[in-house]
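Enquirer: Have a look at this fold, sequence not included:
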């Protein structure tokens, strides 16, 4: 059974940093596409960063390039999202997701989801 459990969300001041974690079980991380998505109140869920199972290429949403880093640790069966220089616009619930066949960072193409962890960026 595929399971994803996120942690690490918190209240942080603008300019601060957070590291989100996602513990995965029930599948091999290097065989599946993995992604971090976020959803702010009243907005659609959007892809933040995803890694392709085909070639390990990593996609980043334009607004987070240079600030966020996607990390996959196959030995620990975990993925992380390292977030720096956080902005108010990063406030959202962040979700870890996995797919055995996705080749992009579109939420509808991911089949397994965690419960989400909230991130609030505010002074």
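Expert: That came in fine, so what should we check first? All values reported here derive from a predicted model rather than from experimental measurement.
Enquirer: and residue 71, how many neighbours?
Expert: 14 (other Cβ atoms under 10 Å). Every C-beta, even on glycine, is put in place using the N, C-alpha and C of the backbone.
Enquirer: what helix or strand is the closest residue to it other than its chain neighbours on?
Expert: The spatially closest residue to residue 71, leaving aside those adjacent along the chain, is residue 80, at 4.2 Å (Cβ to Cβ, 6 or more residues apart in numbering). With elements taken from DSSP states H and E, the one containing residue 80 is strand 78-83.
Enquirer: just checking, what packs against that strand?
Expert: Contact here means 3 or more Cβ pairs under 8 Å, 6 or more residues apart in numbering; DSSP states H and E; on that basis strand 78-83 packs against strand 18-25, strand 33-39, strand 46-51, strand 68-73.
Enquirer: What strands flank that strand, and is each parallel or antiparallel?
Expert: For strand 78-83, the paired strands and their directions (DSSP bridges) are strand 18-25 (antiparallel), strand 68-73 (antiparallel).
Enquirer: how long is stretch 77-86 from one end to the other?
Expert: Start to finish, the residues bounding stretch 77-86 are 26 Å apart (Cα to Cα, to the nearest Å).
Enquirer: Just the buried residues of that stretch, please?
Expert: Across stretch 77-86, burial judged by 16 or more other Cβ atoms under 10 Å covers 78, 79, 80, 81, 83, 86.
Enquirer: residues making contact with the strand holding residue 80?
Expert: Contacting residues not belonging to strand 78-83 are listed as 17-24, 29, 34, 36, 48-49, 51, 64, 67-73, 90, 94, 96, 119 [Cβ atoms under 8 Å, 6 or more residues apart in numbering].
Enquirer: Point out where the protein drops to low pLDDT.
Expert: Low-confidence segments of the chain, defined by pLDDT under 70: none present.
Enquirer: 90 instead?
Expert: Applying pLDDT under 90 to the chain flags the ranges 53-56, 103.
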